[in-house]
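Chemist: what's the 3D shape of this:
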Amino acid sequence: MNTLLPTRRRWSLGLALASVLTGVGAYAASAAPATTAPAPIPITSPACPANLRMGEADGCVTQLQLELNLTGAHLTVDGQFGSGTDTAVRTFQSSHSLTADGIVGPATKAKLDAAAAGSSGTGTGTVDLRTQCGDLQKGASGACASTLQTMLNTFNAGRLTVDGQFGPATDTAVRNFQASHALAIDGIVGAAVKNALYTSTPTPLPSGPINSAKVLNAAKSYLGVPYVWGGGHSLRGEGPGPSLGTCDGYTGSIQPCPADTTVGVDCSGLVRAAFWFGAGIDLANGGDTTEQTLDKHLTPITEAQRRPGDVEYFGTDAHNTVHVVLYAGTDPATGADMMYEAKETGTDVHYVGLRTGGYWYHVSA
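Modeler: Coordinates of the predicted model:
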């Protein structure tokens, strides 16, 4: 076990993508389409007709609808140039001193691209993610990303700067939100995530005495998330939760190192997320297992004193550790003592029988 998980060092890496139009419509990266729509194609691309008009159905129309929504329309993004899109085009043309004929030719494309790009910065107000944005994921930018960041902060899924850039921190916050709402943890903001954002009631992070059930439920929500060396340690400013890791110090058997291309948590990253979202405590502020044992919230206890929600560290002594698990208590179905654990590269966060022999701590507010 110890040979697979050598002592980690403190993670302390520090981390604007400008929205700029190009000759082929660089704004295409601002939002992906809804799952039922064709993939967006920049409207100024040679792949699109010189003139888009009613009856067209393809990715060019998907992109057209996305851009129209960012300039004030409220279209369902489906890639179908129907009467609603026609009306939105004519409205845009009228407001921009263009011939209001519903035909999206070179002049309309140029003005629409410019208007969409201009609306992509912060400070332009919010949009409705459900009707004005397609699926969002890492790499998206603009008003859709800004609105998403604001909503994720409301749910305490992250501590995001609202900058309109869907980067690593926003990706982590999305995954935290998905975990807390029993959604697939993939970092993609599709229909299910949007629905939960608009229909769920935000609750503040826990405070006061620790409720071990909330901590354990937070850990449970990450079942199936990959183990990633350094994952969950704010290497890029993400805050607690699943994130890219690092290959610095990695000695795992799986080569080449997958940590800097895979999103997940390592053992102390899992414990950190569980106590942050379950108790509002950021153990060691993202430090490794040894640093967690030195956190002021931890009190050493004996193995006989353990209770659900306590943590067990493994290493050469109580403050020189290489692994940690979260004690889940006795499973009522089997009578076995269980734990939540992120074990090693190539495995996922799992709920398994408790291993003992480590150093035990109780966490208090």
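Chemist: for the nearest residue to Arg90 once chain neighbours are set aside, what are its contacts?
Modeler: In this structure, Arg90 finds its nearest non-sequential neighbour in Ala100, 4.5 Å apart by CB to CB, 6 or more residues apart in numbering. From N, CA and C alone the C-beta is placed, and that goes for glycine too. Listed by CB atoms under 8 Å, 6 or more residues apart in numbering, the contact partners of Ala100 are 90-91, 93-94.
Chemist: Please spell out the ChimeraX selection for the buried subset of those.
Modeler: Selecting the buried subset of the contacts of Ala100 in ChimeraX, with 16 or more other CB atoms under 10 Å as the burial test, is done by:
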select :90,91,93
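Chemist: one step back: quickly note the distance from the residue nearest to Arg90 to Asp248.
Modeler: Applying CB to CB, to the nearest Å, the value for Ala100 to Asp248 is 58 Å.
Chemist: Could you do Gln65 as well?
Modeler: Using CB to CB, Gln65 is found at 43 Å from Asp248.
Chemist: same deal with His297?
Modeler: Here His297 is placed at a distance of 27 Å from Asp248 (CB to CB).
Chemist: what's the answer for Trp276, then?
Modeler: For Trp276 relative to Asp248 (CB to CB), the value is 23 Å.
Chemist: Who has more neighbours out of those two?
Modeler: Set side by side, Trp276 and Asp248 show more neighbours around Trp276, with 23 against 15, by other CB atoms under 10 Å.
Chemist: pretty sure the more buried one is in a strand, no?
Modeler: No - counting by DSSP: H, G, I helix; E, B strand; the rest coil, Trp276 is not part of a strand but helix.
Chemist: OK, contacts around it?
Modeler: Counting by CB under 8 Å, 6+ apart, Trp276 makes contact with 205, 218, 239-241, 282-283.
Chemist: change it to 7 Å
Modeler: 240, 282 (CB atoms under 7 Å, 6 or more residues apart in numbering).
Chemist: what's the neighbour count on the residue nearest to Gly190 when sequence neighbours are not counted?
Modeler: Distances taken as CB to CB, 6+ apart put Asp135 closest to Gly190, at 4.8 Å, once the chain neighbours are dropped. Using other CB under 10 Å, the number of residues around Asp135 comes to 20.
Chemist: same question, Gln149
Modeler: 25.
Chemist: That one contacts Val162, doesn't it?
Modeler: Yes - counting by CB atoms under 7 Å, Gln149 touches Val162, with 4.6 Å between them.
Chemist: low-confidence ranges in the stretch 101-250 of the chain?
Modeler: For the stretch 101-250 of the chain, the stretches with pLDDT under 70 are 117-126.
Chemist: how does it look with 90?
Modeler: Applying pLDDT under 90 to the stretch 101-250 of the chain flags the ranges 110-128, 130-134, 141-147, 150, 154, 158-165, 202-205, 207, 236-238.
Chemist: tell me the helices in it, going along the chain?
Modeler: 106-118, 129-132, 143-154, 168-180, 191-199, 212-220 (DSSP state H, counting those that start in this stretch).
Chemist: Go through the second one and flag the buried ones.
Modeler: Spelled out, it's helix 129-132. For helix 129-132, by 16+ other CB under 10 Å, it's 129, 132.
Chemist: How about the fifth one?
Modeler: Of the residues in helix 191-199, those buried under the neighbour-count criterion (16+ other CB under 10 Å) are 193-194, 196-197.
Chemist: With the last one instead?
Modeler: For helix 212-220, the buried set under the neighbour-count rule, 16+ other CB under 10 Å, comprises 212, 214-216, 218-220.
Chemist: My guess is Tyr359 contacts Thr316. True?
Modeler: No - look at Tyr359 against Thr316 with CB under 7 Å: they stay out of range, at 10.0 Å.
Chemist: the more surrounded of these two?
Modeler: Neighbour count, other CB under 10 Å: between Tyr359 and Thr316, Tyr359 has more, with 20 against 10.
Chemist: Quick check: pLDDT value at the residue nearest to the more buried one when sequence neighbours are not counted.
Modeler: Excluding the flanking residues, the one nearest Tyr359 by CB to CB, 6+ apart is Ala318, at 4.3 Å. At Ala318, the pLDDT value in this model is 96.
Chemist: correct me, but Ala318 touches Gly358?
Modeler: No - using CB under 7 Å, Ala318 is not in contact with Gly358; the gap is 9.2 Å.
Chemist: host element of Glu67?
Modeler: Assigned by DSSP states H and E, Glu67 belongs to helix 59-70.
Chemist: Which parts of that helix count as buried, going by neighbours?
Modeler: Buried, per 16+ other CB under 10 Å, within helix 59-70: 59-70.
Chemist: now stretch 236-250
Modeler: 236-246, 250.
Chemist: and the end-to-end length of that stretch?
Modeler: Start-to-end span of stretch 236-250 (CA to CA, to the nearest Å) is 18 Å.
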